[in-house]
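Q: Next come a sequence and a model predicted from it.
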Amino acid sequence: MPVMTNRREYLLVFLTLGFLTAVEIWVAKTATGNIKIWTLIALAMSKAACVATFFMHLKTERNWLRIIAALPLLAGIFAYVLIREVMYR
Amino acid sequence: MSPSHSAVTAIPYDKHFGHASGGKIGMWTFLVTDAMTFGGFLIAYANLRAYLDWPTPSDHLNIGLTAVATFILIMSSVSMVLALASGREDHRRGMILWLGITIIGGLSFLGIQSYEWTHLIRDGMTFTRFSHGVPQFGSTFFLITGFHGFHVLSGVIYLAVIMAKAMGGRYDGGNVDHVELAGLFWHFVDLIWILVFTFIYLL
């Protein structure tokens, strides 16, 4: 296995995550309605993608492992369908 | 230390998974199933919110304190990845130091969560009862944050075992596959919290 240690990249990701967390708090306090909901979901997904890509090293893995890792995203589809159904009722 | 521990294990190349070890593929498979469990909980939570008169979370939960806990967990993810980097560079002391900092981060998170739970229970929120709204608010909160907290506790124990082995020279020579697997679990705990923080506290 090649030695891959990129401390500068880790620091950059850390600063990005900290910044996005601060933005989340600001959005949660100031925004309302659908803008608040979708902005917060987008920020959370961006942070999660940063952790998976850089800290869990998915960016250096092969596609099959990335596909396995992405499977839980299907939950988003289930959630959307179920919530729409509940709201329709 | 046996000689087999001192050399980096050569993982044969596979056309689908490259040089990923069986342990790594197994850990990812476990994490995917675990993520689906969390996904099920969060979907149930979203459905309950959609048709019940749901209280505004920020009126009852301490967002500021939880933001601090979130930041601590993110910092512990950084220290974990630095522990792995030190291990790959065959720097035992650095790896032990960063693992120790990661464990302290996890324990701090658990301490904050215990403090939060104690205050919420005192204010009349339990698994089956909530003084200011529908009881499902408390049920889903304690279920999801409790399940995640159990993962943090498991991760702290897992990392403590890895650190003890590192102190005994188990990972000398850059053979850090087990450290990498523990790191994957720890980052997963961080990743899940990022979503829990948004859905349970901020939305």
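A: Thanks, I have it.
Q: and the residue of chain B found nearest chain A, what does it touch?
A: Going by CB to the nearest CB, chain A is nearest to residue B:39 of chain B, at 3.2 Å. Bear in mind the C-beta positions are built from the backbone N, C-alpha and C, glycine included. By CB atoms under 8 Å, 6 or more residues apart in numbering or on different chains, the contact list for residue B:39 reads A:72, A:75, A:78, A:79.
Q: Show only the entries of these found in helices.
A: Using DSSP state H, the members of these that fall in helices are A:75, A:78, A:79.
Q: Now for the closest residue to the second one other than its chain neighbours, which secondary structure element holds it?
A: Read that as residue A:78. Closest residue to residue A:78 apart from its sequence neighbours, by CB to CB, 6 or more residues apart in numbering or on different chains: residue B:43 at 6.0 Å. Assigned by DSSP states H and E, residue B:43 belongs to helix B:22-51.
Q: The residue in chain A positioned nearest to chain B - how many residues pack around it?
A: Residue of chain A nearest chain B, by CB to the nearest CB: residue A:75 (3.2 Å). As a burial measure, residue A:75 scores 16 neighbours (other CB atoms under 10 Å in any protein chain shown).
Q: and the gap between it and residue A:37?
A: 17 Å (CB to CB, to the nearest Å).
Q: Check the offset of the helix ranked longest in chain A from the chain's centre.
A: For chain A, the helix that runs over the most residues, judged by DSSP H, is helix A:7-30. Helix A:7-30 has its C-alpha centroid displaced from the chain centroid by 12 Å (CA atoms, centre = their mean, to the nearest Å).
Q: Following that helix in sequence, what is the next regular element?
A: Assigned by DSSP H and E, the successor of helix A:7-30 is helix A:33-50.
Q: next SSE after that following helix?
A: According to DSSP H and E, the helix or strand after helix A:33-50 is helix A:63-70.
Q: Could I get the contacting residues of the residue nearest to residue A:78?
A: Shown in contact with residue B:43 (CB under 8 Å, 6+ apart): A:75, A:78, A:79, A:82.
Q: Where does the closest residue to residue B:41 other than its chain neighbours sit, in terms of helix or strand?
A: Distances taken as CB to CB, 6+ apart place residue B:144 nearest to residue B:41, at 5.2 Å, with adjacent residues excluded. Assigned by DSSP H and E, residue B:144 belongs to helix B:136-167.
Q: on contacts alone, who are the packing partners of that helix?
A: If contacts are counted by 3 or more CB pairs under 8 Å, 6 or more residues apart in numbering or on different chains; DSSP states H and E, helix B:136-167 sits against helix B:22-51, helix B:63-88, helix B:92-122, helix B:177-196.
Q: Quick check: the gap between residue A:21 and residue B:177.
A: Taking CB to CB, one finds residue A:21 at 31 Å from residue B:177.
Q: scratch that, residue B:135
A: 46 Å.
Q: what about the closest residue to residue B:38 other than its chain neighbours, how many residues close to it?
A: In space, and not counting its chain neighbours, residue B:38 is closest to residue B:192: 5.5 Å by CB to CB, 6+ apart. Residue B:192 has 26 neighbouring residues, counting by other CB under 10 Å.
Q: same deal with residue A:67?
A: 10.
Q: Packing partners of the longest helix of chain A?
A: helix A:33-50, helix B:63-88.
Q: what's the most buried one of those?
A: Per-stretch averages of neighbours, counted by mean count of other CB atoms under 10 Å in any protein chain shown, single out helix B:63-88 among the helices and strands packed on helix A:7-30, with a mean of 22.
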